[in-house]
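Visitor: From the sequence below, what's the structure:
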Amino acid sequence: MRASGESHKVKLIIGLLSNDIAAINNTSTALVRIFGRTDFESGTLDFTHSDYYHKEMGSGLKRRFLSFQRLLRLKDIYKVKLKTSRLERKFLSDGKRRVNIDPGYLDHAKLVLFSTKDYTHRIHLNKGIYAEVTLFYKDGRYNAWPWTYPDYRSDAYLGIFSSIRELYANGQ
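Guide: Presented below is the predicted three-dimensional model:
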């Protein structure tokens, strides 16, 4: 049995959302400076699952996912969201986000996303950061919960997370 603070390590993933590919690229570079080298970068996907971000960020949104080589301990995992929120503020334009940064992690059993918004299915971690188990792994694939966002249910995203999970399972 592990002592507290000696939890297993998890794979950091980050989703980037913007209609500006240069902003996505600049954010990716900044994230590498903060969290270290990536070991996976998805292609750029059209974000057509919701118009939630259109008022703030405009239309023609694109999504890209990154995962990072260095595995993280759960003890202070909430700090990832604090760091990415600060980075979002650095890229503001006229008070609006140019890039939405969605951090989370995966391990063998689940994919977890972080949020600054509380809701019935989210658990408070620390300093206003909440965690949500967005997907669970069963029968050789990721599966959605009733609250899982529509894009995170898509075959494209599930394939990306499965590829990242293979890196994690192989110790990469």
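Visitor: drop to CA atoms for contacts and neighbour counts, all remaining ones
Guide: Fine.
Visitor: Phe68 against Val10, yeah?
Guide: No: counting by CA atoms under 8 Å, Phe68 stays clear of Val10, with 10.1 Å between them.
Visitor: for this structure, what are the low-confidence residue spans?
Guide: For the chain, the stretches flagged by pLDDT under 70 are 1-7, 172.
Visitor: Please repeat the previous calculation with a cut-off of 90.
Guide: 1-8, 48-59, 91-98, 118-119, 171-172 (pLDDT under 90).
Visitor: ok, Tyr53 to Lys62 distance?
Guide: For Tyr53, the distance to Lys62 equals 11 Å [CA to CA, to the nearest Å].
Visitor: ok, back up a step: so Phe68 and Val10 - more neighbours on which side?
Guide: More crowded of Phe68 and Val10, by other CA atoms under 10 Å: Phe68, with 23 against 19.
Visitor: Nearest residue to that one in space, please, no chain neighbours.
Guide: Among residues not flanking Phe68 along the chain, Thr38 sits closest, at 4.1 Å (CA to CA, 6 or more residues apart in numbering).
Visitor: didn't that neighbour look like it was pressed against Phe65?
Guide: No: using CA under 8 Å, Thr38 is not in contact with Phe65; the gap is 10.3 Å.
Visitor: Of these two, which one has the most company?
Guide: Phe65 (23 against 17).
Visitor: Contacts for the one helix or strand the more buried one maps to next, please.
Guide: According to DSSP states H and E, Phe65 maps onto strand 62-68. For strand 62-68, contacts defined as CA atoms under 8 Å, 6 or more residues apart in numbering pick out 11-21, 24, 35-47, 160, 164.
Visitor: Can I get the buried part of those residues as one PyMOL selection?
Guide: Paste this into PyMOL to select the buried members of those, with burial taken from 16 or more other CA atoms under 10 Å:
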select buried, resi 11+12+13+14+15+16+17+18+19+21+24+35+38+40+41+42+47+160+164
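Visitor: which ones among the contacts of strand 62-68 are found in helices?
Guide: Among the contacts of strand 62-68, the ones falling in helices (DSSP state H) are Ile21, Ile24, Phe35, Ile160, Ile164.
Visitor: can you tell me how far the first one sits from Glu88?
Guide: Noted for Ile21: a distance of 15 Å to Glu88, by CA to CA.
Visitor: Then the fourth one?
Guide: Summarising the geometry, the distance separating Ile160 from Glu88, computed by CA to CA, is 23 Å.
Visitor: What of the last one?
Guide: Ile164 sits 24 Å away from Glu88, going by CA to CA.
Visitor: Who does the nearest residue to His8 once chain neighbours are set aside form a beta bridge with?
Guide: What sits nearest to His8 in space, not counting adjacent residues and going by CA to CA, 6+ apart, is Arg73, at 6.3 Å. Here Arg73 sits in beta bridges with Lys9, as judged by DSSP bridges.
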